[in-house]
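Colleague: Predicted model and sequence follow; I will ask about them next.
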Amino acid sequence: MVRLFAAVLLAAACTAGPALPSSAERLLTLGAAPLGGTYYPAGIAIADIITKYVPDTDVRVEVTGGTMENPALMQQGELQLGLANADAAFFAYTGKPPFKAPLGDLRALFVGLAPGVVQYAVLGDSGIATVKDLAGKRVAVGPQGNSSGLLFAKILNFYGLGVDDVTRSFVSFADGVSELVDGHVDMAIVQAGLPAPGLQEAFTSRKNIRILSLPDKERDAFLREYPYYIPVTIPKGTYSGMVEDVTTLATQNMVLVHASLSEDLVYAITKAVFEHLPDLYTAHPSLRSVTLETAANSPIPLHEGARRYFREMGVMP
């Protein structure tokens, strides 16, 4: 499915999504992200659980631009479920840039999907040691509509550069890594859970890939300015041949649901997911971060169906 992201944002800002008819309520679409990160396998796992354990419900997973596009598509009523960074969900719900107006049909299903870990991959012989070395370089920043490009712009500005100082290509994380390996870009951004499939394959097949570290003092200063990101250390050995820890950042991730879905259906969906967490964990190692104890800690309002379940489980008042 090909869309112009800017047009989607504008349309979503001006048009509320239609309420879903009851006859269509059992056929749901979940927006994930392009291949190469962890959103797609996470989306498949969630869809499988819902389809298997919620009677007469079928969920299909759609490849989209990702965390910045999914809220807009949900507001338009094209998606009933979607994955997003917690900060992007907050910006969308409150109408902060890049969203033109509040997307009021968004609700939280649960929080806790693996953090989207910022991984800036370069070739070992590239001479790129820090973000400052990217001036004049070619960078695969991730797909159009993903927050990886927005965060990258913030990081460039923090280091005294701007987006005009690099040549950007907007491709999937997997295609970005392929472009790096083939020499078409100097750096590929992968913002996904660990290990990211695209990088895992590249590290296995090619030994001279490195992930840039953000020095502790610089990272701490950046986090003081943008406190909705979190610090993360990628342990050595996460990828084949990776011999040193990498200090970096991450975004927190969550599942969104359209406000028009019935309370009973969303309750059943939430119950199915959290009563079958082992099914979720087997889909990808990063999904082990999903826990009942932290699931209700959302930056936007929970759907009443999810709220009902979490109250029954005693994890929120």
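Modeller: Received it, and whenever you're ready, just let me know what you need.
Colleague: Give me the below-cutoff pLDDT ranges for the stretch 51-200 of the chain.
Modeller: For the stretch 51-200 of the chain, residues meeting the criterion pLDDT under 70 lie at 145.
Colleague: all helices for it, in order.
Modeller: 69-75, 86-94, 147-158, 173-181, 197-205 (DSSP state H, counting those that start in this stretch).
Colleague: Please identify the deepest-packed of those.
Modeller: Ranked by mean neighbour count, these are led by helix 69-75 with a mean of 29 (mean count of other Cβ atoms under 10 Å). All C-beta atoms are positioned from the backbone trio N, CA, C, and that covers glycine.
Colleague: circling back to that earlier point, export the helices of the stretch 51-200 of the chain as TSV, with columns for distance to residue 139.
Modeller: Converted to TSV, these look like this (distance: least, Cβ to Cβ, whole Å):
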stretch	distance to residue 139
helix 69-75	20
helix 86-94	20
helix 147-158	7
helix 173-181	9
helix 197-205	15
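Colleague: wait, which of those is closest to residue 286?
Modeller: Of all these, it is helix 197-205 that lies closest to residue 286, at 10.5 Å by Cβ to Cβ.
Colleague: That closest one vs helix 173-181, what angle?
Modeller: Computed by axes from the mean of the first three to the mean of the last three Cα atoms, to 10 degrees, the angle separating helix 197-205 from helix 173-181 equals 30 degrees.
Colleague: Now do helix 197-205: everything it contacts.
Modeller: Helix 197-205 is contacted from outside by 35-38, 41, 119, 121, 173-174, 176-178, 180-181, 190, 209, 211, 239-242, using Cβ atoms under 8 Å, 6 or more residues apart in numbering.
Colleague: check contacts around residue 161.
Modeller: Contacts of residue 161 (Cβ under 8 Å, 6+ apart): 131-132, 134-135.
Colleague: ok, now residue 271?
Modeller: Counting by Cβ under 8 Å, 6+ apart, residue 271 has contacts residue 309.
Colleague: Roughly how far does it sit from residue 127?
Modeller: As judged by Cβ to Cβ, to the nearest Å, residue 271 and residue 127 stand 53 Å apart.
Colleague: Stretch 276-284: end-to-end distance?
Modeller: 14 Å (Cα to Cα, to the nearest Å).
Colleague: Pull out the buried positions in that stretch.
Modeller: Buried residues in stretch 276-284, counting neighbours by 16 or more other Cβ atoms under 10 Å, are found at 276, 279-280, 283-284.
Colleague: count of neighbours near the closest residue in space to residue 304 that isn't next to it in sequence?
Modeller: In space, and not counting its chain neighbours, residue 304 is closest to residue 263: 4.7 Å by Cβ to Cβ, 6 or more residues apart in numbering. Look at residue 263: counted by other Cβ atoms under 10 Å, it has 13 neighbours.
Colleague: roughly how far apart are residue 263 and residue 50?
Modeller: Taken as Cβ to Cβ, the span from residue 263 to residue 50 is 16 Å.
Colleague: returning to what we had before: with neighbour count and distance to residue 66 as extra columns, can I get the contacts of residue 161 in a markdown table?
Modeller: Below are the contacts of residue 161 laid out as a markdown table (neighbours: other Cβ atoms under 10 Å; distance: Cβ to Cβ, whole Å):
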| residue | neighbour count | distance to residue 66 |
| --- | --- | --- |
| 131 | 19 | 22 |
| 132 | 11 | 27 |
| 134 | 22 | 22 |
| 135 | 13 | 27 |
